[in-house]
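Chemist: The amino acid sequence is not available; the structure is as follows:
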Ligand SMILES: Nc1ncnc2c1ncn2[C@@H]1O[C@H](COP(=O)(O)OP(=O)(O)O)[C@@H](O)[C@H]1O
Ligand SMILES: N[C@@H](CCC(=O)OP(=O)(O)O)C(=O)O
(Lines give C-alpha, C1' and ligand atoms only; values in the text may rest on other atoms or scores of the structure.)
(Ligands and ions follow the chains in the order given, each with its own letter.)
Protein backbone atom coordinates (compact mmCIF):
# COMPACT_ATOMS: atom_id res chain seq x y z
CA UNK A 1 0.00 0.00 0.00
CA UNK A 2 1.61 3.31 -1.04
CA UNK A 3 1.83 6.06 1.58
CA UNK A 4 -1.45 7.99 1.50
CA UNK A 5 0.01 11.30 0.30
CA UNK A 6 -2.05 13.57 -1.87
CA UNK A 7 -0.02 16.77 -1.94
CA UNK A 8 3.74 16.49 -1.99
CA UNK A 9 6.61 19.02 -1.89
CA UNK A 10 9.82 17.65 -3.41
CA UNK A 11 13.01 19.58 -2.69
CA UNK A 12 15.95 18.85 -4.96
CA UNK A 13 19.39 19.94 -3.71
CA UNK A 14 22.07 21.49 -5.96
CA UNK A 15 24.27 18.44 -5.64
CA UNK A 16 21.62 16.10 -6.95
CA UNK A 17 21.42 18.12 -10.16
CA UNK A 18 25.13 18.72 -10.60
CA UNK A 19 27.92 16.47 -11.82
CA UNK A 20 31.23 16.33 -9.94
CA UNK A 21 32.75 18.70 -12.53
CA UNK A 22 30.13 21.34 -11.69
CA UNK A 23 28.13 20.99 -14.91
CA UNK A 24 24.37 20.35 -14.73
CA UNK A 25 23.50 16.65 -14.72
CA UNK A 26 20.90 16.45 -17.48
CA UNK A 27 20.45 12.69 -17.22
CA UNK A 28 19.60 13.00 -13.55
CA UNK A 29 17.14 15.82 -14.27
CA UNK A 30 15.48 13.69 -16.91
CA UNK A 31 15.18 10.77 -14.50
CA UNK A 32 13.76 12.95 -11.75
CA UNK A 33 11.26 14.54 -14.10
CA UNK A 34 10.22 11.01 -15.15
CA UNK A 35 9.62 10.14 -11.51
CA UNK A 36 7.62 13.32 -10.91
CA UNK A 37 5.46 12.43 -13.91
CA UNK A 38 4.93 8.96 -12.38
CA UNK A 39 3.67 10.61 -9.19
CA UNK A 40 1.37 12.86 -11.20
CA UNK A 41 0.00 9.78 -12.95
CA UNK A 42 -0.82 8.34 -9.53
CA UNK A 43 -2.96 11.44 -8.97
CA UNK A 44 -0.61 13.32 -6.62
CA UNK A 45 -0.17 17.08 -6.60
CA UNK A 46 3.55 17.83 -6.79
CA UNK A 47 5.32 21.08 -5.99
CA UNK A 48 9.05 21.10 -6.74
CA UNK A 49 11.54 23.29 -4.88
CA UNK A 50 14.66 23.10 -6.99
CA UNK A 51 18.12 24.43 -6.25
CA UNK A 52 20.71 24.42 -9.00
CA UNK A 53 20.51 27.91 -10.51
CA UNK A 54 23.98 28.91 -9.30
CA UNK A 55 25.42 25.58 -10.44
CA UNK A 56 23.75 25.95 -13.86
CA UNK A 57 25.09 29.52 -14.14
CA UNK A 58 28.64 28.27 -13.55
CA UNK A 59 28.42 26.20 -16.70
CA UNK A 60 27.31 29.21 -18.75
CA UNK A 61 29.34 32.19 -17.71
CA UNK A 62 32.85 32.88 -16.47
CA UNK A 63 32.92 35.33 -13.61
CA UNK A 64 35.05 38.45 -14.01
CA UNK A 65 38.12 38.35 -11.74
CA UNK A 66 37.58 39.71 -8.22
CA UNK A 67 33.79 39.59 -8.30
CA UNK A 68 32.66 39.47 -4.66
CA UNK A 69 30.65 36.54 -3.30
CA UNK A 70 27.28 38.34 -3.31
CA UNK A 71 27.58 39.56 -6.90
CA UNK A 72 28.88 36.20 -8.07
CA UNK A 73 25.85 34.46 -6.63
CA UNK A 74 23.49 37.04 -8.14
CA UNK A 75 25.10 36.79 -11.55
CA UNK A 76 25.32 32.99 -11.64
CA UNK A 77 21.77 32.51 -10.37
CA UNK A 78 20.29 35.12 -12.73
CA UNK A 79 21.86 33.40 -15.74
CA UNK A 80 21.51 29.86 -14.42
CA UNK A 81 17.84 30.06 -13.42
CA UNK A 82 16.86 30.52 -17.07
CA UNK A 83 18.75 27.37 -18.03
CA UNK A 84 17.41 25.43 -15.04
CA UNK A 85 13.77 26.24 -15.75
CA UNK A 86 14.00 25.85 -19.50
CA UNK A 87 15.49 22.38 -18.96
CA UNK A 88 12.60 21.43 -16.65
CA UNK A 89 10.11 22.89 -19.13
CA UNK A 90 11.57 20.93 -22.06
CA UNK A 91 11.70 17.68 -20.11
CA UNK A 92 8.13 18.04 -18.82
CA UNK A 93 6.84 19.04 -22.25
CA UNK A 94 7.86 15.57 -23.49
CA UNK A 95 5.21 14.26 -21.08
CA UNK A 96 2.71 16.95 -22.10
CA UNK A 97 3.07 18.72 -18.79
CA UNK A 98 3.60 22.39 -18.05
CA UNK A 99 5.72 23.87 -15.29
CA UNK A 100 5.66 27.35 -13.75
CA UNK A 101 8.53 29.35 -12.33
CA UNK A 102 7.94 30.69 -8.82
CA UNK A 103 10.77 32.82 -7.43
CA UNK A 104 10.33 34.00 -3.87
CA UNK A 105 12.09 35.91 -1.12
CA UNK A 106 11.78 35.79 2.65
CA UNK A 107 9.78 39.02 2.47
CA UNK A 108 6.99 37.14 0.70
CA UNK A 109 6.37 35.11 3.86
CA UNK A 110 6.28 38.09 6.23
CA UNK A 111 2.94 39.62 5.52
CA UNK A 112 -0.18 37.46 5.85
CA UNK A 113 -1.76 39.04 2.79
CA UNK A 114 1.32 38.37 0.64
CA UNK A 115 1.39 34.88 2.05
CA UNK A 116 -2.22 34.25 1.09
CA UNK A 117 -1.73 35.73 -2.39
CA UNK A 118 1.16 33.36 -2.99
CA UNK A 119 -0.84 30.43 -1.63
CA UNK A 120 -3.76 31.23 -3.95
CA UNK A 121 -1.44 31.29 -6.94
CA UNK A 122 -0.02 27.86 -6.02
CA UNK A 123 -3.52 26.48 -5.64
CA UNK A 124 -4.51 27.79 -9.06
CA UNK A 125 -1.40 26.27 -10.68
CA UNK A 126 -2.08 22.91 -9.05
CA UNK A 127 -5.69 22.99 -10.14
CA UNK A 128 -4.54 23.55 -13.72
CA UNK A 129 -2.20 20.53 -13.44
CA UNK A 130 0.84 22.80 -13.77
CA UNK A 131 3.93 21.83 -11.77
CA UNK A 132 5.23 24.80 -9.78
CA UNK A 133 9.03 24.88 -9.67
CA UNK A 134 10.11 27.12 -6.83
CA UNK A 135 13.50 28.66 -6.07
CA UNK A 136 14.73 31.54 -4.01
CA UNK A 137 14.97 34.77 -5.97
CA UNK A 138 18.75 34.90 -5.58
CA UNK A 139 19.01 38.14 -7.52
CA UNK A 140 17.33 40.20 -4.83
CA UNK A 141 17.74 37.93 -1.78
CA UNK A 142 21.07 38.88 -0.35
CA UNK A 143 22.58 38.77 3.14
CA UNK A 144 19.95 38.98 5.90
CA UNK A 145 17.08 38.76 3.40
CA UNK A 146 18.14 35.27 2.37
CA UNK A 147 16.53 32.00 3.45
CA UNK A 148 19.04 29.83 5.28
CA UNK A 149 18.79 27.64 2.19
CA UNK A 150 16.18 25.98 0.02
CA UNK A 151 15.43 23.45 2.76
CA UNK A 152 13.96 26.33 4.75
CA UNK A 153 12.07 27.54 1.68
CA UNK A 154 10.71 24.04 0.97
CA UNK A 155 9.57 23.76 4.60
CA UNK A 156 7.73 27.06 4.36
CA UNK A 157 5.99 25.97 1.17
CA UNK A 158 5.05 22.58 2.64
CA UNK A 159 3.49 24.33 5.65
CA UNK A 160 1.84 27.00 3.50
CA UNK A 161 0.20 24.48 1.18
CA UNK A 162 -0.71 22.06 3.93
CA UNK A 163 1.22 19.35 2.11
CA UNK A 164 0.94 15.77 3.31
CA UNK A 165 4.66 15.25 2.90
CA UNK A 166 7.96 16.91 2.13
CA UNK A 167 10.64 14.83 0.43
CA UNK A 168 14.12 16.36 0.62
CA UNK A 169 16.39 14.89 -2.02
CA UNK A 170 20.08 15.24 -1.33
CA UNK A 171 23.27 13.31 -2.14
CA UNK A 172 23.19 10.97 0.88
CA UNK A 173 20.61 8.38 1.96
CA UNK A 174 19.45 10.37 4.98
CA UNK A 175 20.83 11.28 8.41
CA UNK A 176 23.63 9.07 9.66
CA UNK A 177 24.98 8.54 13.17
CA UNK A 178 28.28 10.03 11.98
CA UNK A 179 30.08 11.10 8.84
CA UNK A 180 28.12 9.30 6.07
CA UNK A 181 31.41 8.38 4.37
CA UNK A 182 32.53 6.26 7.33
CA UNK A 183 31.50 2.59 7.28
CA UNK A 184 30.62 2.59 11.01
CA UNK A 185 28.01 5.36 10.50
CA UNK A 186 24.48 4.03 10.45
CA UNK A 187 21.42 5.52 8.84
CA UNK A 188 18.73 6.77 11.24
CA UNK A 189 15.54 5.32 9.78
CA UNK A 190 12.94 7.14 11.83
CA UNK A 191 12.78 10.23 14.01
CA UNK A 192 9.74 10.87 16.22
CA UNK A 193 8.42 14.41 16.90
CA UNK A 194 9.62 14.15 20.52
CA UNK A 195 13.11 12.80 19.68
CA UNK A 196 16.00 15.02 20.65
CA UNK A 197 19.75 14.97 20.16
CA UNK A 198 19.84 13.33 16.72
CA UNK A 199 21.42 16.50 15.31
CA UNK A 200 24.57 16.06 17.40
CA UNK A 201 25.77 13.56 14.78
CA UNK A 202 25.79 16.14 12.06
CA UNK A 203 29.08 17.64 10.98
CA UNK A 204 29.46 21.05 9.34
CA UNK A 205 30.48 19.26 6.18
CA UNK A 206 28.15 19.88 3.27
CA UNK A 207 27.98 18.76 -0.32
CA UNK A 208 30.17 20.49 -2.87
CA UNK A 209 27.48 22.86 -4.10
CA UNK A 210 25.06 22.86 -1.15
CA UNK A 211 24.38 25.91 1.03
CA UNK A 212 22.87 25.06 4.41
CA UNK A 213 24.14 21.53 5.00
CA UNK A 214 22.47 18.63 6.82
CA UNK A 215 21.91 20.58 10.03
CA UNK A 216 19.34 22.96 8.49
CA UNK A 217 17.70 20.03 6.73
CA UNK A 218 17.39 18.30 10.06
CA UNK A 219 16.02 21.28 12.00
CA UNK A 220 13.59 22.19 9.25
CA UNK A 221 12.43 18.58 8.88
CA UNK A 222 11.77 18.29 12.61
CA UNK A 223 9.84 21.56 12.67
CA UNK A 224 7.73 20.58 9.66
CA UNK A 225 6.99 17.13 11.15
CA UNK A 226 5.80 18.88 14.33
CA UNK A 227 3.25 20.64 12.16
CA UNK A 228 1.80 17.31 11.11
CA UNK A 229 3.65 16.96 7.80
CA UNK A 230 5.61 13.80 7.04
CA UNK A 231 9.24 14.46 6.02
CA UNK A 232 11.64 12.12 4.22
CA UNK A 233 15.32 12.85 3.60
CA UNK A 234 16.48 10.60 0.79
CA UNK A 235 19.12 10.23 -1.90
CA UNK A 236 18.11 11.97 -5.14
CA UNK A 237 20.84 10.09 -7.00
CA UNK A 238 19.20 6.71 -6.33
CA UNK A 239 17.21 5.49 -9.34
CA UNK A 240 13.44 5.61 -8.80
CA UNK A 241 13.76 7.19 -5.36
CA UNK A 242 10.46 9.12 -5.35
CA UNK A 243 8.15 6.19 -6.15
CA UNK A 244 10.25 4.05 -3.78
CA UNK A 245 9.69 6.50 -0.89
CA UNK A 246 5.95 6.36 -1.55
CA UNK A 247 6.02 2.58 -1.73
CA UNK A 248 7.88 2.52 1.60
CA UNK A 249 10.78 0.57 0.17
CA UNK A 250 13.39 3.34 -0.02
CA UNK A 251 16.38 3.74 2.23
CA UNK A 252 15.73 7.12 3.89
CA UNK A 253 15.27 9.02 7.15
CA UNK A 254 11.61 9.53 7.96
CA UNK A 255 10.47 12.26 10.34
CA UNK A 256 7.22 10.92 11.71
CA UNK A 257 4.59 13.70 11.81
CA UNK A 258 2.74 14.73 14.95
CA UNK A 259 -0.99 15.30 14.91
CA UNK A 260 -1.97 18.09 12.59
CA UNK A 261 -1.80 21.80 13.35
CA UNK A 262 -4.11 24.46 11.89
CA UNK A 263 -3.16 26.53 8.85
CA UNK A 264 -2.69 29.60 11.05
CA UNK A 265 -0.27 27.73 13.31
CA UNK A 266 1.66 26.53 10.29
CA UNK A 267 1.99 30.09 9.08
CA UNK A 268 2.99 31.31 12.55
CA UNK A 269 5.68 28.66 12.83
CA UNK A 270 7.63 30.53 10.19
CA UNK A 271 6.68 34.10 11.04
CA UNK A 272 9.65 35.04 13.24
CA UNK A 273 10.65 37.88 10.93
CA UNK A 274 7.23 39.52 11.35
CA UNK A 275 7.44 39.80 15.16
CA UNK A 276 6.42 43.27 16.41
CA UNK A 277 7.00 42.98 20.18
CA UNK A 278 7.93 40.64 23.02
CA UNK A 279 5.59 39.39 25.73
CA UNK A 280 7.31 37.97 28.81
CA UNK A 281 5.39 35.38 30.83
CA UNK A 282 5.83 34.03 34.36
CA UNK A 283 6.80 30.49 35.35
CA UNK A 284 3.16 29.42 35.85
CA UNK A 285 2.16 30.53 32.37
CA UNK A 286 5.26 28.88 30.90
CA UNK A 287 4.33 25.59 32.54
CA UNK A 288 0.70 25.80 31.46
CA UNK A 289 1.64 26.62 27.87
CA UNK A 290 4.16 23.80 27.61
CA UNK A 291 1.97 21.04 29.06
CA UNK A 292 1.64 18.50 26.22
CA UNK A 293 -1.85 17.86 24.93
CA UNK A 294 -3.40 20.91 26.62
CA UNK A 295 -4.96 23.69 24.57
CA UNK A 296 -4.01 26.72 26.67
CA UNK A 297 -4.40 30.37 25.66
CA UNK A 298 -2.10 33.07 27.03
CA UNK A 299 -3.99 35.08 29.68
CA UNK A 300 -2.92 38.52 30.99
CA UNK A 301 -2.64 37.05 34.50
CA UNK A 302 0.50 35.18 33.38
CA UNK A 303 2.11 38.13 31.62
CA UNK A 304 5.01 39.86 33.37
CA UNK A 305 5.86 42.53 30.87
CA UNK A 306 5.66 43.79 27.31
CA UNK A 307 8.50 45.14 25.23
CA UNK A 308 7.55 47.09 22.10
CA UNK A 309 4.37 48.27 20.44
CA UNK A 310 1.74 46.12 18.76
CA UNK A 311 -1.83 46.33 17.54
CA UNK A 312 -4.59 43.72 17.48
CA UNK A 313 -3.62 41.09 14.88
CA UNK A 314 0.15 41.67 15.12
CA UNK A 315 2.57 38.86 15.83
CA UNK A 316 4.27 38.85 19.22
CA UNK A 317 7.11 36.72 20.48
CA UNK A 318 6.46 35.00 23.82
CA UNK A 319 9.42 34.53 26.15
CA UNK A 320 9.82 33.12 29.67
CA UNK A 321 11.21 35.03 32.67
CA UNK A 322 14.76 34.35 31.52
CA UNK A 323 14.01 35.78 28.05
CA UNK A 324 14.05 32.31 26.46
CA UNK A 325 11.74 32.27 23.36
CA UNK A 326 8.71 30.02 23.86
CA UNK A 327 6.81 30.69 20.68
CA UNK A 328 4.84 33.16 18.59
CA UNK A 329 1.24 34.29 18.74
CA UNK A 330 -1.24 36.71 17.20
CA UNK A 331 -2.35 39.38 19.69
CA UNK A 332 -6.09 39.59 20.38
CA UNK A 333 -5.71 43.28 21.36
CA UNK A 334 -3.06 46.00 21.26
CA UNK A 335 -0.13 46.68 23.61
CA UNK A 336 -1.91 49.56 25.38
CA UNK A 337 -4.84 47.37 26.52
CA UNK A 338 -2.47 44.53 27.34
CA UNK A 339 -0.41 46.83 29.61
CA UNK A 340 -3.61 47.87 31.46
CA UNK A 341 -4.56 44.19 32.02
CA UNK A 342 -1.07 42.97 32.96
CA UNK A 343 -1.21 40.40 35.79
CA UNK A 344 -5.02 40.72 36.09
CA UNK A 345 -7.32 37.73 36.45
CA UNK A 346 -10.53 37.12 34.49
CA UNK A 347 -9.39 38.99 31.38
CA UNK A 348 -9.72 37.92 27.73
CA UNK A 349 -6.73 35.92 26.42
CA UNK A 350 -3.97 38.09 24.98
CA UNK A 351 -3.20 35.22 22.58
CA UNK A 352 -5.85 32.62 21.84
CA UNK A 353 -4.69 29.00 21.61
CA UNK A 354 -5.74 28.78 17.93
CA UNK A 355 -3.32 31.62 17.14
CA UNK A 356 -0.42 30.37 19.24
CA UNK A 357 2.57 28.45 17.94
CA UNK A 358 4.87 27.04 20.62
CA UNK A 359 8.44 25.98 19.84
CA UNK A 360 8.59 22.21 19.21
CA UNK A 361 11.34 21.62 21.83
CA UNK A 362 9.37 23.34 24.61
CA UNK A 363 7.57 20.40 26.16
N1 LIG B 1 25.26 12.96 10.12
C2 LIG B 1 25.14 13.25 8.82
N3 LIG B 1 24.34 12.47 8.04
C4 LIG B 1 24.18 12.74 6.72
N5 LIG B 1 24.80 13.75 6.06
C6 LIG B 1 25.63 14.55 6.76
C7 LIG B 1 25.82 14.34 8.17
N8 LIG B 1 26.68 15.28 8.61
C9 LIG B 1 26.98 16.06 7.54
N10 LIG B 1 26.37 15.64 6.41
C11 LIG B 1 26.54 16.25 5.07
O12 LIG B 1 25.36 16.93 4.62
C13 LIG B 1 25.39 16.95 3.18
C14 LIG B 1 24.03 17.27 2.58
O15 LIG B 1 23.64 18.63 2.83
P16 LIG B 1 23.79 19.80 1.70
O17 LIG B 1 25.21 19.95 1.35
O18 LIG B 1 23.10 21.00 2.21
O19 LIG B 1 23.02 19.14 0.46
P20 LIG B 1 21.97 19.73 -0.61
O21 LIG B 1 22.75 20.35 -1.71
O22 LIG B 1 21.22 18.52 -1.06
O23 LIG B 1 21.04 20.72 0.08
C24 LIG B 1 25.88 15.56 2.83
O25 LIG B 1 26.51 15.54 1.57
C26 LIG B 1 26.84 15.22 3.97
O27 LIG B 1 28.17 15.41 3.57
N1 LIG C 1 18.94 29.17 -4.83
C2 LIG C 1 20.20 28.44 -4.95
C3 LIG C 1 20.20 27.21 -4.07
C4 LIG C 1 20.73 27.45 -2.69
C5 LIG C 1 20.56 26.20 -1.81
O6 LIG C 1 19.87 26.25 -0.80
O7 LIG C 1 21.19 25.07 -2.27
P8 LIG C 1 21.00 23.61 -1.61
O9 LIG C 1 21.61 23.63 -0.21
O10 LIG C 1 21.73 22.71 -2.52
O11 LIG C 1 19.55 23.29 -1.59
C12 LIG C 1 20.39 27.94 -6.41
O13 LIG C 1 19.39 27.72 -7.09
O14 LIG C 1 21.53 27.74 -6.79
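Modeler: Structure's in. What do you need? Treat the numbers as computed from the prediction; the structure is a model and nothing was measured. Numbers count the residues shown, from 1 in each chain. Ligands and ions are numbered 1, 2, ... in the order given.

Chemist: Could you check the pLDDT of the residue nearest the centre of the chain?
Modeler: Nearest to the geometric centre of the chain sits residue 155, at 1.5 Å (CA atoms, centre = their mean). For residue 155, the model assigns a pLDDT of 94.

Chemist: just residue 209 next, same as before
Modeler: 62.

Chemist: sorry, back to before: find the nearest non-adjacent residue to the residue nearest to the centre of the chain, please.
Modeler: residue 220 (4.2 Å; CB to CB, 6 or more residues apart in numbering). No exception for glycine: its C-beta is placed from N, CA and C like everyone else's.

Chemist: secondary structure class for residue 221?
Modeler: Using DSSP: H, G, I helix; E, B strand; the rest coil, the structure places residue 221 in helix.

Chemist: Name all residues that make contact with it.
Modeler: Listed by CB atoms under 8 Å, 6 or more residues apart in numbering, the contact partners of residue 221 are 151, 155, 166, 168, 191, 231, 233, 253, 255.

Chemist: Ligand 2: which of those is nearest?
Modeler: Of all those, residue 151 has the smallest distance to ligand 2: 6.2 Å, by CB to the nearest ligand atom.

Chemist: what about the strands in the protein?
Modeler: Residue ranges of the strands in the chain, as given by DSSP state E, are 7-12, 45-50, 99-104, 131-136, 165-170, 190-191, 230-235, 252-255, 275-281, 303-307, 315-319, 325-331, 351-358.

Chemist: Pipe those strands into CSV and attach mean neighbour count, mean pLDDT and distance to residue 178 per row.
Modeler: Shown next, in CSV, are the strands of the chain (neighbours: other CB atoms under 10 Å; pLDDT from 0 to 100; distance: least, CB to CB, whole Å):
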stretch, mean neighbour count, mean pLDDT, distance to residue 178
strand 7-12, 26, 97, 24
strand 45-50, 24, 98, 28
strand 99-104, 18, 96, 35
strand 131-136, 23, 98, 30
strand 165-170, 27, 97, 17
strand 190-191, 16, 93, 16
strand 230-235, 24, 97, 16
strand 252-255, 25, 96, 14
strand 275-281, 20, 95, 37
strand 303-307, 17, 96, 42
strand 315-319, 22, 95, 35
strand 325-331, 22, 92, 31
strand 351-358, 20, 87, 32
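
Chemist: Out of the ones you listed, flag the one nearest ligand 2.
Modeler: Closest approach to ligand 2 among the strands of the chain (CB to the nearest ligand atom): strand 131-136, 4.4 Å.

Chemist: ok, the closest one near ligand 1 or not?
Modeler: No: applying CB under 6 Å from any ligand atom, one finds strand 131-136 separated from ligand 1 by no less than 12.4 Å.

Chemist: what's in contact with that strand?
Modeler: Under CB under 8 Å, 6+ apart, the answer for strand 131-136 is 36, 40, 46-53, 81, 84-85, 88, 92, 97-105, 122, 125-126, 146-147, 150, 153-154, 157.

Chemist: Of these, which are in range of ligand 2?
Modeler: Counting by CB under 6 Å from any ligand atom, 51, 52, 53, 150 from the contacts of strand 131-136 sit close to ligand 2.

Chemist: The first one is in contact with residue 150, isn't it?
Modeler: In this case it means residue 51. Yes: counting by CB atoms under 8 Å, residue 150 is a contact partner of residue 51 at 4.7 Å.

Chemist: okay, now residue 17: neighbour count?
Modeler: Close neighbours of residue 17, defined as other CB atoms under 10 Å, add up to 25.

Chemist: What count of nearby residues applies to the closest residue to it other than its chain neighbours?
Modeler: Closest residue in space to residue 17, ignoring its immediate chain neighbours: residue 52 at 4.1 Å, by CB to CB, 6+ apart. Neighbour count of residue 52, defined by other CB under 10 Å: 28.

Chemist: Check the spacing between residue 332 and ligand 2 real quick.
Modeler: Distance, residue 332 to ligand 2, using CB to the nearest ligand atom, to the nearest Å: 37 Å.

Chemist: can you pull the contacts of that residue?
Modeler: The contact partners of residue 332, by CB under 8 Å, 6+ apart, come to 312, 348, 349, 350, 351, 352, 355.

Chemist: Just name the closest of those to residue 30, please.
Modeler: Taking CB to CB as the measure, residue 355 is the one of the contacts of residue 332 closest to residue 30, at 45.2 Å.

Chemist: From what I see, that closest one and residue 266 are in contact.
Modeler: No: applying CB under 8 Å, one finds residue 355 not in contact with residue 266, separated by 11.9 Å.

Chemist: packing partners for the longest helix seen in the chain?
Modeler: Determined from DSSP state H, the single longest helix within the chain is helix 69-93. If you count contacts as 3 or more CB pairs under 8 Å, 6 or more residues apart in numbering; DSSP states H and E, helix 69-93 packs onto helix 26-41, strand 45-50, helix 53-58, strand 99-104, strand 131-136.

Chemist: Cool, thanks, signing off.
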